[in-house]
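K.L.:
build me a model from this:
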Amino acid sequence: MKIMEEPRRILAIKLGAMGDLVIASSFFDALRRRFPPRAEIVLLTGKTYARVLKSHPCFDRLILADDIA
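P.N.:
As a prediction, this is how the structure comes out:
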């Protein structure tokens with residue numbers, strides 16, 4: 001039986017409204033607890049939320065996309 005390696009990079013994608021990000025925050029916290037500094041966690045989100053999320057402790061970096069109108 002082959003044992004899988006832990007991921008080194010994780011991409012989370014959350015495009016949508018601020019309320020959706022608030023609801024997803026508990027998931028992001030759990031993801032970081034499960035993969036503390038062993039994995040780079042990147043969030044793909046809309047540019048509108050960059051200012052709020054840039055210092056979020058769960059993400060190592062953000063990838064910003066044009067907001068969906």
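
K.L.:
find the least confident helix or strand in the protein, judged by mean pLDDT.
P.N.:
Sorting the helices and strands of the chain by mean pLDDT, DSSP states H and E puts helix 50-53 at the bottom, at a mean of 85.

K.L.:
just the CA atoms of that one, as CSV, please.
P.N.:
The C-alpha trace of helix 50-53 is given here as CSV (Å, rounded to 0.1, in the frame of the first residue of the first chain):
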residue,chain,number,x,y,z
ALA,A,50,-7.7,42.0,-1.6
ARG,A,51,-7.4,44.7,1.1
VAL,A,52,-9.4,42.6,3.6
LEU,A,53,-7.6,39.3,2.9
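
K.L.:
just confirm residue 62 is within a strand.
P.N.:
Yes: with DSSP: H, G, I helix; E, B strand; the rest coil as the criterion, residue 62 is located in a strand.

K.L.:
and the spatially closest residue to it that is not a sequence neighbour, how many neighbours does it have?
P.N.:
Take residue 62 and drop its neighbours on the chain: the residue closest to it by CB to CB, 6 or more residues apart in numbering is residue 43, 5.3 Å away. Any C-beta I mention is one placed from the backbone N, CA and C, and that applies to glycine too. As a burial measure, residue 43 scores 22 neighbours (other CB atoms under 10 Å).

K.L.:
give me every residue that touches residue 43.
P.N.:
11, 12, 13, 14, 28, 53, 56, 58, 59, 61, 62, 63 (CB atoms under 8 Å, 6 or more residues apart in numbering).

K.L.:
helix or strand for the first one, just tell me which one.
P.N.:
Assignment of secondary structure by DSSP states H and E places residue 11 within strand 9-13.
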